[in-house]
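Colleague: With the sequence up front, the predicted model follows.
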Amino acid sequence: MDNNLTYQELVDGLRTRFGFDFTALAVEEDSLNQYAIRWRVASGNLNSRYKRIVLKKGRGVAGTVYKTGKPLLIQSIDPERHAIGLFDYPIVASEQLTSVAAVPLWNGGRISGVVLGGYRGGRAELTEEQIAALQAAVSEGLPGFDGKELVFR
Amino acid sequence: MNSVRRDQLNELMLKMYANSSEAILFFDRGGKALAANPAAEEILDEDVLAALLEGEDGAICRACAGYTNEHGLRSCRDCYFHHPERDDFTSFQVYLQTKGKGLVPYTSSFQTVDADRDIRVFMLRDMTRQFLTQERLYENKMMKHVIDAQENERKRISRELHDGVAQELMSAVVDLRVLKYMTGDAGLLEKVRQTEASLSRLLEDIRNLSVELRPAALDDLGLDAAFRSHFKRVEENFGLLVNYGGELKGRRYASEIETVIYRVCQEAILNAVKYADVETVDVILSEQGGRVLLSVSDRGRGFAPGGRPDGTGLGLYGMRERAELVGGTLEVESAPYAGTTVRLNVPAVPEKGEG
C-alpha cells in the first residue's frame, strides 16, 4: 500500500529512538468480511515470518490490543519457562522476543492498527513509562490514522 | 535293557539337578531341607540356606515373602509349606527374598515325590523376564487404547462442534438476517449488522476449534486435503511456509494409518516451528513398495540426538510410539546447524470397507 514507506520510516525511527531490537506495525485487512490483522512492516526482524502471520481479533499481540483497545505489556518472557510465547503470541516466538509492548493506533474512534516494540535476549525490560511514550509517539500525524479514540462518557 | 535306561535316567536327573536354572530343594516330613541344587544356592542367602539344612523352625519364612492366592498377591494364609496335607500346590507363584536381586517372583511347585518317606520337592523358576515382557505387552496395549480413545474423543467433540453447535449458530445468523426485511429503523439495523458480524466471527472460531481438534477432512477427504488446510493454518498462525510434495494422488488408507501420518507430521512441523528457527519446511508424502513414507525436513538449527532436549523430549517419544503402534518406524536425523529430517515409514494398509 501507499503508506508502507511512511510506516517503515515510523518503525525504523521508533526502533532507534527507544533502542528496541524489533518494531512492527500491524493493520486490519478487511477481506471478504473477515477481519484479519497482519504485520505490514517491521524493523530489526530476524526473518520474514511476520509477513505470513494472520491474526484474528483476540489472537496474538496485535489481536489482543485490537480486542481490548488497551496497550499490552509483557515485561519478561523466558523461552525456557514460558510455553505461552508460541501459541498465544507467534511474533514473540518467531522474533525471539523477551520483552514486548504494543499500543493501539486509532482512526475515527476505532482501532485500526497496532505498533509493537520489543527486546531480545533479556537485554532490557519495557516499562509503563515507555508504553506511554510509545503511545504518544504514534498518536499524531500518521497517515491513515487520525488518532481519535472512542470515548464513552 | 530296563536297568540301562534306569542308569541313564539317573544320570540325566543328576545333571538336571546340577545344571538346571530352576532352583530345586528337597524337604523331609519335618520341613528340614535335605538338599539344595546349585541354582538354589545361587538365589538363597547362605544363612537362610544353612538354617533350612539344619531344619530350623520357620527358616523358609526368612526367604519367602508369601505366595499368591485368592487372598492376596503375597499371602501367608494356608501356607504351601506348612500345610503338607494339601496336595494342590503343583503350580503357584511365590515371592522370595533373594541374594543380591531383592524380591523376585517365582513360579513354583511343591509336591510329594516319595510318599513312603514323605519327601517333597520345591522347584522355583524365575519369572522376572516373563513379567517384564508381559508388562511391556500390557503397556503397549494400554498406549494404543489411550491414543485410540483420545482420537475418538477428539473426533466426537469436533463433529459435535461442527455439525451441532456451528449449525445452530448458522441458523441463528440466518434468523437475524430476516430482521432486515421487518424494520426500516436505521439504528436498529446497524446494531443487527454488528451482531451478525460478531456471530459470524464466533462461527469462524468454532469451526477453527473443530478443525484443530481433529480435521473432518482427514476422515472425509484423506491426507492430502487435511494436510493442505493444516499447512495453511501453520502459515497463518506461525508464519512458517510448508512446501508440500504429496504423491498419494488421493489414495486412502486405514483410518489409524492416516491418523498416525497426520499426527506425526503435525508434531514434526510444530517442532520445526518451535526449535528450528526457519521460514520453510519441506514435507514429502509418498508410497513405495507397500509402505507409506513421510518426510519432514528443515534446514534449521538442528540438535544433537541423545542430548538434553530443549523441550520435554516427549514429542519425539510420542511420534515413535505412534509409529510403532501401527508397525511402522520413525527415524530422526539431525545434527547441530545441519537441519533436521524426520522420516516416518508405515505399512500402506488399504482403507477398510469400500474398495
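Modeller: Arrived safely, thanks for sending. Numbering: from 1, shown residues only, chains lettered A, B, ... in the order given.
Colleague: What count of nearby residues applies to residue 144?
Modeller: Picked chain A for this. 14 (other CB atoms under 10 Å in any protein chain shown). For every residue, glycine as well, the C-beta is placed using N, CA and C.
Colleague: wait, I meant chain B there
Modeller: 16.
Colleague: list the contacts for the residue lying closest to it once chain neighbours are set aside?
Modeller: Ranked by CB to CB, 6 or more residues apart in numbering or on different chains and with sequence neighbours excluded, the top spatial neighbour of residue B:144 is residue B:325, at 5.1 Å. Residues in contact with residue B:325 (CB atoms under 8 Å, 6 or more residues apart in numbering or on different chains) are B:140, B:143, B:144, B:147, B:256, B:260.
Colleague: Could you check how far residue B:325 is from residue B:146?
Modeller: Distance, residue B:325 to residue B:146, by CB to CB, to the nearest Å: 10 Å.
Colleague: Could you do residue B:35 as well?
Modeller: 50 Å.
Colleague: go on, residue A:129?
Modeller: 51 Å.
Colleague: and what of residue B:184?
Modeller: 59 Å.
Colleague: Just list what whichever helix or strand residue B:187 is part of packs against, helices and strands only.
Modeller: Element membership for residue B:187, per DSSP states H and E: helix B:186-213. Helix B:186-213 sits against helix B:128-159, helix B:166-178, helix B:223-238, with contacts defined as 3 or more CB pairs under 8 Å, 6 or more residues apart in numbering or on different chains; DSSP states H and E.
Colleague: domains for chain B, by residue range?
Modeller: Domain ranges of chain B: B:3-126, B:127-214, B:221-355, per automatic domain parsing.
Colleague: Now do the end-to-end distance for the second one.
Modeller: Separation of the first and last residues of domain B:127-214 by CA to CA, to the nearest Å is 43 Å.
Colleague: so what's the residue in the stretch 251-355 of chain B positioned nearest to chain A up against?
Modeller: Closest to chain A within the stretch 251-355 of chain B is residue B:279: 5.2 Å, counting by CB to the nearest CB. Residue B:279 is in contact with A:47, A:48, A:49, B:239, B:240, B:241, counting by CB under 8 Å, 6+ apart.
Colleague: give me that answer again for 7 Å
Modeller: A:47, A:48, A:49, B:240, B:241 (CB atoms under 7 Å, 6 or more residues apart in numbering or on different chains).
Colleague: At the contact with chain B, which residues of chain A appear?
Modeller: Selection of chain A residues close to chain B by CB under 7 Å from any CB of the partner chain yields A:47, A:48, A:49, A:50, A:51, A:52, A:53, A:54, A:57, A:86, A:90, A:94.
Colleague: which of those residues are buried?
Modeller: Among the residues of chain A next to chain B, those scoring as buried are A:49, A:50, A:52, A:53, A:54, A:57, A:86, A:90, A:94 (criterion: 16 or more other CB atoms under 10 Å in any protein chain shown).
Colleague: And the pLDDT for the residue of the stretch 251-355 of chain B closest to chain A?
Modeller: Predicted confidence (pLDDT) for residue B:279: 91.
Colleague: From residue A:23, how far off is it?
Modeller: For residue B:279 relative to residue A:23 (CB to CB), the value is 20 Å.
Colleague: Now for residue B:246, how many residues are close by?
Modeller: 17.
Colleague: And the contacts of stretch A:51-67?
Modeller: A:26, A:35-39, A:71-72, A:89-92, A:100, A:102, A:104, A:111, A:114, A:116, B:201, B:235-236, B:239, B:241.
Colleague: now stretch B:330-339
Modeller: Against stretch B:330-339 from outside (CB under 7 Å, 6+ apart): B:264, B:297-305, B:316, B:319-320, B:323, B:340-344.
Colleague: Let me see the ranges of the helices in chain A.
Modeller: Assigned by DSSP state H, chain A shows helices spanning A:4-18, A:49-52, A:60-68, A:84-88, A:90-94, A:128-138.
Colleague: can I assume residue B:262 is in contact with residue B:224?
Modeller: No - assessed by CB atoms under 7 Å, residue B:262 is found out of contact with residue B:224, at 10.9 Å.
Colleague: And the two? Which one has more around it.
Modeller: Counted by other CB under 10 Å, residue B:262 and residue B:224 do not tie: residue B:262 has more neighbours, with 21 against 17.
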